[in-house]
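Q: Curious how this folds, go ahead:
(chains A and B)
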Amino acid sequence: MKLALNLLLILGLTSCASFSLPSARIVSFADVEKLEPGKSTKDQVRTLFGKPVKVSPRSATQEAWIYNEMLSTGAIGQKASFSFDGEILVGALWMPYESDPLESVQAVQEHFRGANFIRKVKGWDNQGHSYSEDVSYYDPGRGILFTTSGRDQIVNAIGFNLPDIKRRVSSEYTK
Amino acid sequence: MQAHIQSAYVRSDGTPVSGSNHRAGCKKNPASYAFWNNRLKARLPPKWEFKNEKSKVWTEDEKEKVLEAISALPPLLVNKIVSGIYRLKTSAQLPENPAANFQNQIALYDKAFESKRNVARVLGYEFSHIYFQGMEKPEQVDYAIAAEWEATLWNGLRDKELTLNRKGFVEDDSQNNPEEDFANNIEYFLFNPKTLKEKSPKVYDWISKKFGGNFKLRIVK
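A: Below is the predicted model:
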């Protein structure tokens, strides 16, 4: 009985603490770019980055793997997330921090030279109460996204999902 | 201070305060009065998208309420970047809205001045939105960590999906996005600190640490 209680306590503590731990390996942008939504698998993500610090279920078949990083302030921030439908990667998101060159809108645009980003300001919320100047840039042809927030317009996330054309083909295929 | 009627109201600690009739010149106005008095506008804010909304002329009573409310809020929150506080009739999007904010401007609707409302609370919430919008990225990241926000990207989405992982929150719409969450939490920190401490202790601690001990409502004499 005592052993069972101790086990429960240890499991409880580990699960509570897991989200505030940094990931064992560095999640580099170069490695994230190696992945291909629609093709890459959980095994590939595990091979590149190790085990996630957290798994967030979204539906019966969908879950996101979360990876963290310790910042210079000592705080543990989310570094990346990989979204899966079954075994297949359907979206990847990576966060530049602390003067990373990819925090600049211009740098991201130069990195993805040839991309046709559609710029969208978030604007009013659905209650007409608050106006957000957060911006998302999305290239539907290549499935590349990056976002900025607030007045300083610094990039806070860069991501990849399935390009529109491939998504249409894939949904037609599954019909 | 001009002569005005002070309506009955309930303090944030629950103490009822009866209405009174103030005589003109009974005390000197705080320095912030002149600054903010110049920012009270009776027209639609520039670039306002809801063209079917109507502006109103401020009454002296409303002006006093707003200026007193601003004096009661912590100076750290009352950002002078706010270029105008506009008096509008009713929100076209949601008639229950007491206020709205847009590019460093605040609109106050009739609902903000109803007897059940606390103007300081309404304004504190709007100033909190504007504060968040002006925060630099490291500060926003720090808040997102403390408040337990998580970002993911899914097939078919053209923006990241933000999820609040924290179990306790003070208002349902706190789950909408970090900015809404922040504004609600600052409002509760100032006006219902006990509730915030119970529901989101880590956020309560983050606000205490960030803004310091003087971040509280001030007594308007």
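Q: use CA for all of it now, contacts and neighbours both
A: OK.
Q: can you list the domains in chain B?
A: B:4-19+B:28-117, B:135-211 (automatic domain parsing).
Q: Pick the most buried one from those.
A: Per-residue neighbour counts averaged over each of the domains of chain B give the maximum for domain B:135-211, namely a mean of 18 (mean count of other CA atoms under 10 Å in any protein chain shown).
Q: Which of the helices or strands spans the closest residue to A:Lys79 other than its chain neighbours?
A: Using CA to CA, 6 or more residues apart in numbering or on different chains and skipping residues adjacent in sequence, the residue nearest A:Lys79 is A:Asn68, 4.7 Å away. Counting by DSSP states H and E, the element that carries A:Asn68 is strand A:62-70.
Q: Which residues does that strand contact?
A: By CA atoms under 8 Å, 6 or more residues apart in numbering or on different chains, the surrounding residues in contact with strand A:62-70 are A:20-23, A:26-27, A:52-58, A:76-86, B:152.
Q: Arrange the domains of chain B in a markdown table, one row each, with mean pLDDT and distance to A:Arg113 as further columns.
A: Rendered in a markdown table, the data for these read as follows (pLDDT from 0 to 100; distance: least, CA to CA, whole Å):
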| stretch | mean pLDDT | distance to A:Arg113 |
| --- | --- | --- |
| domain B:4-19+B:28-117 | 88 | 32 |
| domain B:135-211 | 95 | 19 |
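Q: Now those in a markdown table, please, with extra columns for distance to A:Tyr97.
A: What follows is those, written out as a markdown table (distance: least, CA to CA, whole Å):
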| stretch | distance to A:Tyr97 |
| --- | --- |
| domain B:4-19+B:28-117 | 26 |
| domain B:135-211 | 8 |
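Q: Just put the ones you listed in TSV and tack on distance to chain A.
A: Shown next, in TSV, are these (distance: least, CA to the nearest CA, whole Å):
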stretch	distance to chain A
domain B:4-19+B:28-117	4
domain B:135-211	5
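Q: that older thread, return the members of the contacts of strand A:62-70 classed as buried.
A: Judged by neighbour count, with 16 or more other CA atoms under 10 Å in any protein chain shown as the criterion, the buried members of the contacts of strand A:62-70 are A:20-23, A:27, A:52-56, A:76-85, B:152.
Q: Do you have the strands of chain A handy? List them.
A: Ranges of strands in chain A, per DSSP state E, are A:54-57, A:62-70, A:76-85, A:88-94, A:118-124, A:131-139, A:144-149, A:154-161.
Q: need these in a markdown table with distance to B:Lys197, can you?
A: As requested, the strands of chain A are arranged in a markdown table below (distance: least, CA to CA, whole Å):
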| stretch | distance to B:Lys197 |
| --- | --- |
| strand A:54-57 | 26 |
| strand A:62-70 | 26 |
| strand A:76-85 | 22 |
| strand A:88-94 | 32 |
| strand A:118-124 | 30 |
| strand A:131-139 | 27 |
| strand A:144-149 | 28 |
| strand A:154-161 | 29 |
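Q: What number of residues are in the vicinity of A:Gly150?
A: By the measure other CA atoms under 10 Å in any protein chain shown, the count of residues near A:Gly150 is 20.
Q: For A:Gln78, list the residues it contacts.
A: Residues in contact with A:Gln78 (CA under 8 Å, 6+ apart) are A:66-69, A:95, B:145, B:150.
Q: So which of the residues you listed wins on neighbours?
A: For these, neighbours were counted by other CA under 10 Å; the highest total belongs to A:Tyr67, with 27 neighbours.
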